[in-house]
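Visitor: how does the following fold in three dimensions:
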Amino acid sequence: CSQLAVPNANGHFQHLSPQFHQARSQPDAYTANSFAPVATKVNRKKSNGEPAPSVPKAVISRMSLYLRELQQIIRSGGSTISSTQLGSILGITDAQVRKDFAYFGQFGYPGIGYRCDELIREIRRILGTDRMWPVALIGCGNLGQALLGYRGFMQQGFSVVLAYDVDPKLQGTRIGQLEVRGLDTLPQDIAQNDVKLAMLAVPVGEAQKVVDRLVEAGITGILNFAPVTLNVSPGISVVEVDLAIELEQLSFAVVKQMRKE
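Guide: Next up is the predicted model:
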């Protein structure tokens, strides 16, 4: 499997958080005192692209959407884009686009708009993907193997460096470049590879126990594909991806349209 397409409200795998649909369909309200659309140069109001003390989650979610579209524009041969064009692609207003970026600075140019390559670098710095993140995958069944085969992770700054499964038949086998390991070596592996992020593709009944071991080993960010809510201590970030829920959202939208018709 070279790519994994996970159906969500936006139809894109890389946007897994349930907040992404809300970020696209319900942008924050903005006041009449709108932000300036451009600056004479890249003139960040906060140093090094650092955000204001409080940035809404929907804004962070839209940063990933902006990044995706800007990368597509670059691949298509474009080099600049305006806030109006970028907002139109995502179904939000140009004022919302400018407000989102204003949390981190002002990155536009008069008469030009945004330079795509430059804005991509800034968004990567904001999201923390201007570096390569090593990731551990727990669970190498069908879903886990599909995740290991997804090429988009590396392109966005994530490298799966460790793979685990409790099935003795899988342990010791290779999936791509990785050898599947048992969980016994998890703590030392995490420490040696300086891993902070993990993906969880295990059965529901095992998810909480595995998460407890991950947190104890030093993992602080977890992408959970098991359809269960996890209990974690403060300071541990969890994004939950329930594919059935995402399909339910799609079916609701389709049924709603059918009723209108």
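Visitor: ok now do Ile89, which residues does it touch?
Guide: By C-beta atoms under 8 Å, 6 or more residues apart in numbering, the contact list for Ile89 reads Glu69. C-betas here are computed from N, CA, C, even on glycine.
Visitor: mind checking the SS state of it?
Guide: What DSSP: H, G, I helix; E, B strand; the rest coil gives for Ile89 is helix.
Visitor: what pLDDT does Val6 get?
Guide: What the model reports as pLDDT for Val6 is 41.
Visitor: what's the offset of the helix or strand harbouring Val239 from the middle of its chain?
Guide: According to DSSP states H and E, Val239 maps onto strand 237-240. Strand 237-240 sits 11 Å away from the centroid of its parent chain (C-alpha atoms, centre = their mean, to the nearest Å).
Visitor: and that strand, what does it pack onto?
Guide: When contacts are defined as 3 or more C-beta pairs under 8 Å, 6 or more residues apart in numbering; DSSP states H and E, strand 237-240 packs onto strand 221-224.
Visitor: helices or strands up against the strand it packs on?
Guide: strand 197-200, helix 204-217, strand 237-240.
Visitor: list the strands paired with the first one, with their directions.
Guide: When sheet partners are counted by DSSP bridges, strand 197-200 sits next to strand 133-138 (parallel), strand 221-224 (parallel).
Visitor: buried ones in that strand?
Guide: Buried residues in strand 197-200, counted by 16 or more other C-beta atoms under 10 Å: Leu197, Ala198, Met199, Leu200.
Visitor: how near is the first one to Leu119?
Guide: Same thing as Leu197. 25 Å (C-beta to C-beta, to the nearest Å).
Visitor: cool, Leu183 as well?
Guide: 41 Å.
Visitor: neighbour count for the two, which is higher?
Guide: For Leu183 versus Leu119, neighbours defined as other C-beta atoms under 10 Å are more numerous around Leu119 (22 against 17).
Visitor: per-residue confidence at the more buried one?
Guide: Listed pLDDT for Leu119 reads 96.
Visitor: so for Pro203, what's the nearest residue that isn't a sequence neighbour?
Guide: With C-beta to C-beta, 6 or more residues apart in numbering as the criterion, Pro203 has its nearest non-adjacent residue at 6.9 Å, and that residue is Ala226.
Visitor: what about that neighbour, how many neighbours?
Guide: Neighbours of Ala226 under the rule other C-beta under 10 Å: 23.
Visitor: gap between it and Ile123?
Guide: From Ala226 to Ile123 the distance is 30 Å (C-beta to C-beta).
Visitor: ditto for Gln155
Guide: Gln155 is 14 Å from Ile123, where distance means C-beta to C-beta.
Visitor: who has more neighbours out of the two?
Guide: Per other C-beta under 10 Å, whichever of Gln155 and Ile123 has more neighbours is Ile123, with 22 against 10.
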